[in-house]
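Asks: here is a sequence together with a model predicted from it:
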Amino acid sequence: VSNRVLGYSIGVDGTLVDHTADVALGQQDFTSSTSGLSDFEMSGPKAVAIDLVNRQLFVADTGNNRVMVFNITDGATTGMVALYVIGQPSVFDNTAGTSQALLSQPTGLDYDHGSNVLYIADTGNNRVIVIGQTDFNTATSGLSATKFSAPQGVDVNTNGDILVTDTGNNRVLEFAGNIAANGNSATQVIGQVNVTLGTSGLTDSTLNAPTSAVWDYSRGLLYVSDTGNNRILAYDVAGGVFDGMSATFVIGQSNFTSGSAAVAQDRVSAPASVVTLDIVDEVGGSTFDAGARENIWVSDSGNNRVLIFDYELPATPTAGEAIDVIGHYSTSVSAIGTTPRFTNAAIYSGDSAPNSFSFSDVKKNYVDTVNHRLFVQDNDANRILIFNLDASNNLIDRVADNVIGKPDFTSTGNTVSQQSFSMVDGM
């Protein structure tokens, strides 16, 4: 673990200036990696969030049980000190606690620019600040409308509605509207018929250890990574979220009662995240409007790949099979037109070392629709691969154009430098 956050410069065209980090937060230089407790040091940071209006950078300094806040109005510099910390009385304290002023192993952050609110997944206290407990002095896990058990995901939509992936209770909770008081009750629950139940299940209305949930704003859909059941469930929430509602369609299984892991064109293994985006009709050249086509990008972690599904709306699959895959191809060229290998799950697609077209334990993926790039977190290789997309956000080819965390596409091992990562946890 390098105990730092690295910053990279982006050019006016939205692409990386180079592959070398310009800033290291948490260390005084690019070759140090020791953990520490001070106004600039960190211990196992897990997540970052940015307030673009007030120019503040938030870092979940998990090992020190706090969130560090940096003023980046004039940019960031290596070894810069935090403006202040959240979760501890001073920058030299790191005792975990349960109160209005203390945190315990925060692992997730999300900043809502609409209401200027920072949401913190305070994992050790089984709460999302300030949701999940009736007051700031309680940290016990629980099963109710106001309690969580090891929550792992938070997502906020433009209306201020909050989704909390309550992993230990096999459910997703919705908190409608902006949170205004401690101990708020969830307004609806997905995965259970009511908020007093938390058993796992394998149906169109139950979940098993879900790890993330995301709103699809433009389509009126909600996607849940039902990791324990090796599938993605999609819910039609255009009319609202309802207790125990049934999913509209499933990705990764042929029906709602199958949940085994497999490697195939229509199967997944322990999916970790989902990204959705509208695409442009490659034939007609026009942008699809509401009620038409979108792509769904699934990080198929257990199969070391990213699957791309093409669906029509209303929310019904056009087919049960992925239309494309990144990470496994019949040749190392991996160009558009080469044959995808939907039955290969080997790390690095069978190669003995990392390369520019495959992964080992892919976790998260993110699509930058403005600058047309796909970022894939290649966890075991301690790197992030970047694939350029065309102006319509379609893949140009299946070979990464850039890598962050390594000096090149074939390097292995964990080193501490201006160009490297070790166990990257957030993107």
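Replies: All right, it came through fine. This one's a predicted model, so the numbers in the text were calculated from it and none came from an experiment. Numbering: from 1, shown residues only.

Asks: ok, now which ones touch Phe40?
Replies: By CB atoms under 8 Å, 6 or more residues apart in numbering, the contact list for Phe40 reads Leu25, Gly26, Gln28, Gly79, Met80, Val81, Ala82. Just so you know, the C-beta spots here come from the backbone N, C-alpha and C atoms, and that holds for glycine as well.

Asks: likewise for Ser104?
Replies: Ser104 sits in contact with Asn65, Ala96, Gly97, Thr98, Asp122, Thr123, Gly124, Asn125, Ala139, where contact means CB under 8 Å, 6+ apart.

Asks: wasn't the third one part of a strand?
Replies: No - with DSSP: H, G, I helix; E, B strand; the rest coil as the criterion, Gly97 is located in coil rather than a strand.

Asks: tell me the pLDDT of it.
Replies: According to the prediction, Gly97 has pLDDT 90.

Asks: neighbours around the nearest residue to Thr343 once chain neighbours are set aside, how many?
Replies: Distance criterion CB to CB, 6 or more residues apart in numbering; nearest residue to Thr343, sequence neighbours excluded, is Val263 at 5.7 Å. Here the number of neighbours of Val263 (other CB atoms under 10 Å) works out to 19.

Asks: residue contacts, Val263?
Replies: The neighbourhood of Val263, defined by CB under 8 Å, 6+ apart, consists of Ser269, Asn303, Phe342, Thr343, Asn344, Ala345.

Asks: now the first one. Its backbone dihedrals?
Replies: The phi and psi values for Ser269, taken as degrees, to the nearest 10, are phi -140, psi 110.

Asks: helix, strand or coil for Val154?
Replies: strand.

Asks: what bridges to it?
Replies: On DSSP bridges, the residues paired with Val154 through beta bridges are Val164.

Asks: OK, contacts around it?
Replies: By CB under 8 Å, 6+ apart, the contact list for Val154 reads Gly108, Asp110, Tyr119, Ala121, Val128, Ile162, Leu163, Val164, Thr165.

Asks: so the closest residue to the last one other than its chain neighbours versus Arg305, what's the distance?
Replies: Nearest residue to Thr165, sequence neighbours excluded (CB to CB, 6+ apart): Gly153, at 3.4 Å. Computed as CB to CB, to the nearest Å, the Gly153 to Arg305 distance reads 21 Å.

Asks: higher neighbour count, those two?
Replies: Taking Gly153 and Arg305 together and counting by other CB under 10 Å, Arg305 has the greater number of neighbours (27 against 22).

Asks: tell me the pLDDT at that one?
Replies: 91.

Asks: for the residue sitting nearest the centre point of the chain, grab phi and psi.
Replies: For the chain, the residue lying nearest the average C-alpha position, counting by CA atoms, centre = their mean, turns out to be Lys364 (5.2 Å). The phi/psi pair for Lys364 (degrees, to the nearest 10) reads phi -110, psi 150.

Asks: quick one: contacts for it?
Replies: With contacts defined as CB under 8 Å, 6+ apart, Lys364 is in contact with Ala272, Ser273, Ser299, Val376, Gln377, Met427.

Asks: measure the second one to Ser225 for me?
Replies: What it means is Ser273. Here the criterion is CB to CB. By it, Ser273 lies 6 Å from Ser225.

Asks: list the residues that contact both of the two?
Replies: Shared contacts of Ser273 and Ser225 (CB under 8 Å, 6+ apart): Thr211, Ser212.

Asks: out of the two, which sits in the busier spot?
Replies: Neighbours of Ser273 and Ser225, each counted by other CB under 10 Å, are more numerous for Ser225; the result is 31 against 25.
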